[in-house]
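S.K.: Okay, here's the prediction I keep looking at, along with the sequence it came from:
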Protein chains: 2
Amino acid sequence: MDTPAVLIDVVKMQRNIQRMQQRADDLGVCLRPHVKTHKCAQVVAAQTAAGARGITVSTLKEAEYFFDLGILDILYAVAMAPHKLPQALALRRRGCALTLVTDSLAGAQAIVEFGRLQGETFAVMIEIDCDGHRSGVKPHDPVLLEIARRLGDNLTGVLTHAGESYGLDTPEALQAIAEQERARCVEAAERIRAAGLPCAHVSVGSTPTALSAVSLEGVTELRAGVYVFFDLVMHNIGVCQTDELALSVLTSVIGHQAEKGWIITDAGWMAMSRDRGTQSQKQDFGYGQVCDEQGAVIDGLLLRSANQEHGVARFNQPGVDVVAQFPLGTRLRILPNHACATGAQFGSYNAVLPTDDVQVWERLRGW
Amino acid sequence: MDTPAVLIDVVKMQRNIQRMQQRADDLGVCLRPHVKTHKCAQVVAAQTAAGARGITVSTLKEAEYFFDLGILDILYAVAMAPHKLPQALALRRRGCALTLVTDSLAGAQAIVEFGRLQGETFAVMIEIDCDGHRSGVKPHDPVLLEIARRLGDNLTGVLTHAGESYGLDTPEALQAIAEQERARCVEAAERIRAAGLPCAHVSVGSTPTALSAVSLEGVTELRAGVYVFFDLVMHNIGVCQTDELALSVLTSVIGHQAEKGWIITDAGWMAMSRDRGTQSQKQDFGYGQVCDEQGAVIDGLLLRSANQEHGVARFNQPGVDVVAQFPLGTRLRILPNHACATGAQFGSYNAVLPTDDVQVWERLRGW
């Protein structure tokens, strides 16, 4: 295998999938995984086999790709841009149970107007802002009911995403944000129902809140994505251990600066991505945690800096003879900060099966 | 055109190419552009038409791609990993004038030994460390002559790259680092020649030093890459103005948080890349400088944060009615921190020609 290459440890991936599916089952909700993390047919197949119901996507290209692979029930969880409506319509006309999202009157109006002209009733969820993190309508905002009324027969439910959970790192804080995510989304659904409008689906989720929620009363489905691989950001949040990380980058040593203790690798930022998600967390892993070729963590050895096709790994402490211990050509694995960003740098995964055989799994890119 | 999409302003690109070619001509050296910035056949063609002599690449996949397009003279400017030698040999056997790089005795030994077994004399340059930034042998290090002797007939020259120039932002400091880059690389060449060994080629360069050097006496060629598009990092270093940036990301407004003055865009980090190169510079542009659809900078409006498919743009100051001024569906352009990283997120460019016609130009990805 040439380097740099991205590996999936399929045994770990399957454990991660089982763990999240068990969470959803225990909490009495459906699991609709977010496939933006992996964008890979074989990974979706493993999630579906474990019990997932439908998928969540971040682009309409993902929706088209997975629909062509036989996935019918797809939630496009980004506020609908009016100019993309013909693309969504084409998917629905081909038989895709595609659900759209909006969080504004203007957005709802664009969907309803386009649907009226085309004779289509869309399935639309209203995005709720549960934590001030990004998009969405606050559950108590009067505009919520205006949007619901404007959507009329197109309305199918509400959804939210507690993005603020990524900034937390204690079980107590994570439980609290999970409860806030649940409560505010359910509150929005109840306001819509109290106004005499239907709101069948109540969708919440992020990997940290999904793994921390005590109750999901009133919720119908859970969305989460990065749990399938986990990464160093999730490790710092406290929802996984480093030995659960299923994604890594295989690299070769291409040089040294011996007196500085530098090991130069052929994995730079083009392979790792520029994601420095652990920079603001309790432990900064640089561009990644270095492991040996089998995946065992090498304590204190981090990828400290990166240029396009060069990485520089160095120990915390001086005194290691890096040339002797990691000679030219040595293979190493690097655990990434952010699996979604690192995976996106590659056109395919090398999936290491339980037999140690390696399969090439294609990965979708672009828009 | 769907969004997000990456645009090349071809008029600006041609001006940037002319500017750097004129620099090389004035300094009396050849220009060998680094194509890792764009990885695009049409851009190489424009650089070659303007006078470039050969190209520099960051991966052997780039070498194969551009060789198949008719470029014969290719420098692979990353220290050669021994396991990639068969791939390099195959290129040379097909007629590619491929030059390799090494900075260690072990690396030189691997190349020479493999060449001996295959009956091939490679063309190899020794990488010189001119500023402590990354790889390379210091010009006064005794190992320099050992590597040169070990390479024997494979040796063709020395090269260096003043990566530290990216941390500077005054003309005086840039002139000084350019002179340091030149002087140390020439010193290495002279030591090799004084030992009775050949060293025909002396190759230096980075966009900041190339645009700042007063003299390149003793140098034979200049390498630079990002000048072809420029970006906000280069703007902060002081070698270009924002109206010279040829690469931008076209995006659509998909929502707002009116009371916070947030404009939500469909360009998140998947489109912009995670590169935050201006974070440590004198002006932090967040994930990019927002412009109107025609490319005119909107003062104070930056892409302040980014999720995978969501960006959040906000003005420095409150008080703008963002919903009225940037309604749903509004198109904007965003200037990136780092053109190499942003370009790499896309499979093709939309090249806006002087006629305003748009051509799709493919971009190479992966390894």
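M.R.: Received the coordinates, thanks.

S.K.: Please tell me how far A:C130 sits from chain B.
M.R.: The gap separating A:C130 from chain B is 13 Å, by Cβ to the nearest Cβ, to the nearest Å. The C-beta positions use only the backbone N, C-alpha and C, and glycine is treated the same way.

S.K.: need the contact list for the closest residue in space to A:Q18 that isn't next to it in sequence.
M.R.: Nearest-residue entry for A:Q18: A:A50, 6.1 Å, with adjacent residues in sequence omitted and distances by Cβ to Cβ, 6 or more residues apart in numbering or on different chains. Under the criterion of Cβ atoms under 8 Å, 6 or more residues apart in numbering or on different chains, the contact list for A:A50 reads A:Q14, A:I17, A:Q18, A:Q21.

S.K.: do the same with A:K39
M.R.: With contact set as Cβ under 8 Å, 6+ apart, A:K39 has these partners: A:E62, A:Y65, A:G343, A:A344, A:R363, A:L364, A:R365.

S.K.: Please identify which helix or strand holds the closest residue to chain B within the stretch 101-250 of chain A.
M.R.: Closest contact between the stretch 101-250 of chain A and chain B, by Cβ to the nearest Cβ, is at A:A106 (4.5 Å). Per DSSP states H and E, A:A106 falls inside helix A:105-118.

S.K.: go on, A:D25?
M.R.: Using DSSP H and E, the element containing A:D25 is helix A:10-27.

S.K.: now for the helix or strand that comes right after that helix, which elements pack on it?
M.R.: Once the chain leaves helix A:10-27, the next helix or strand it forms, by DSSP H and E, is strand A:30-31. Packing partners of strand A:30-31 (3 or more Cβ pairs under 8 Å, 6 or more residues apart in numbering or on different chains; DSSP states H and E): helix A:10-27, strand A:221-222.

S.K.: Out of these, which gets nearest to A:G255?
M.R.: helix A:10-27 (30.8 Å; Cβ to Cβ).

S.K.: Highest mean neighbour count out of the helices and strands packed on strand A:30-31?
M.R.: Across the helices and strands packed on strand A:30-31, averaging neighbours per residue (mean count of other Cβ atoms under 10 Å in any protein chain shown) puts strand A:221-222 on top, at a mean of 22.

S.K.: any idea of the mean pLDDT in it?
M.R.: Confidence for strand A:221-222, expressed as mean pLDDT, is 98.

S.K.: what does it rub up against?
M.R.: A:23-24, A:27, A:29-32, A:53, A:201-205, A:210, A:216.

S.K.: A:R134 is in contact with B:T265, isn't it?
M.R.: No. Assessed by Cβ atoms under 8 Å, A:R134 is found out of contact with B:T265, at 11.5 Å.

S.K.: So for the two, which residue has more residues nearby?
M.R.: Legend: neighbour count by other Cβ atoms under 10 Å in any protein chain shown for A:R134 and B:T265, higher for B:T265 (32 against 22).

S.K.: bridging residues for the more buried one?
M.R.: B:V253, B:G311 (DSSP bridges).

S.K.: Now do the contacts for it.
M.R.: B:T251, B:S252, B:V253, B:I254, B:L303, B:H310, B:G311, B:V312, B:A313, B:L332, B:I334 are the contacts of B:T265 under Cβ under 8 Å, 6+ apart.

S.K.: likewise A:Q317?
M.R.: Residues in contact with A:Q317, defined by Cβ under 8 Å, 6+ apart, are A:G300.

S.K.: for the stretch 151-300 of chain A, which spans come out with low pLDDT?
M.R.: Counting by pLDDT under 70, the stretch 151-300 of chain A contains no low-confidence residues.

S.K.: Which residue would be the closest one in it to chain B?
M.R.: For the stretch 151-300 of chain A, Cβ to the nearest Cβ, closest residue to chain B: A:R274, 3.8 Å.

S.K.: Identify the residue spatially nearest to that residue, adjacent ones excluded.
M.R.: Computed as Cβ to Cβ, 6+ apart, the closest residue to A:R274 that is not its neighbour in sequence is B:R274, at 3.8 Å.

S.K.: Farthest from the middle of chain A: give me that residue.
M.R.: A:E259 (40.2 Å; Cα atoms, centre = their mean).

S.K.: and that residue, helix, strand or coil?
M.R.: Under the three-state scheme (DSSP: H, G, I helix; E, B strand; the rest coil), A:E259 adopts helix.

S.K.: that's a strand at A:L7, yeah?
M.R.: Yes. Counting by three-state DSSP, A:L7 is located in a strand.

S.K.: can I assume it is in contact with A:L250?
M.R.: Yes. Between A:L7 and A:L250 there is a contact at 5.6 Å, judged by Cβ under 8 Å.

S.K.: where does A:P318 land on pLDDT?
M.R.: Here the pLDDT value assigned to A:P318 is 88.

S.K.: Emit the ChimeraX select command for whichever of the contacts of strand A:221-222 are buried.
M.R.: Buried residues among the contacts of strand A:221-222 (16 or more other Cβ atoms under 10 Å in any protein chain shown), as a ChimeraX selection:
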select /A:23,24,27,29,30,31,32,201,202,203,204,205,210,216
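
S.K.: returning to that earlier point: residue contacts, the residue nearest to A:R274?
M.R.: With Cβ under 8 Å, 6+ apart, B:R274 has these contacts: A:S273, A:R274, A:D275, A:R276, A:H338, A:A341, B:A306, B:A341.

S.K.: Phi, psi for it please.
M.R.: In terms of degrees, to the nearest 10, the main-chain angles of B:R274 are phi -90, psi 10.

S.K.: returning to that earlier point: mind giving me the PyMOL select for the contacts of B:T265, buried ones only?
M.R.: Buried residues within the contacts of B:T265, by 16+ other Cβ under 10 Å, are selected in PyMOL with:
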select buried, chain B and resi 251+252+253+254+303+310+311+312+313+332+334
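
S.K.: between the contacts of B:T265, which is nearest B:Q42?
M.R.: Closest to B:Q42 out of these is B:I334 (22.5 Å), distances taken as Cβ to Cβ.

S.K.: hmm, back to that, didn't the residue of the stretch 101-250 of chain A closest to chain B look like it was pressed against B:P327?
M.R.: Yes. Between A:A106 and B:P327 there is a contact under Cβ under 8 Å: 6.8 Å.

S.K.: ok, those two, which is more surrounded?
M.R.: A:A106 (18 against 13).

S.K.: How about that one: what's its closest non-neighbour residue?
M.R.: Nearest residue to A:A106 in three dimensions, chain neighbours excluded: B:L328, at 4.5 Å (Cβ to Cβ, 6+ apart).

S.K.: Now do the contacts for the one you found.
M.R.: A:A81, A:P82, A:S104, A:A106, A:G107, A:A110, B:V253, B:I254, B:G255, B:H256.

S.K.: and of these, the nearest to A:G286?
M.R.: Closest approach between these and A:G286, by Cβ to Cβ: B:I254, at 33.3 Å.

S.K.: Do I have it right that that closest one meets A:K84?
M.R.: No. Using Cβ under 8 Å, B:I254 is not in contact with A:K84; the gap is 9.1 Å.

S.K.: how distant is the helix ranked longest in chain A from the center of its chain?
M.R.: Ranked by number of residues, the top helix in chain A under DSSP state H is helix A:171-194. Here the centre of helix A:171-194 is set off from its chain's centre by 21 Å, with Cα atoms, centre = their mean, to the nearest Å.
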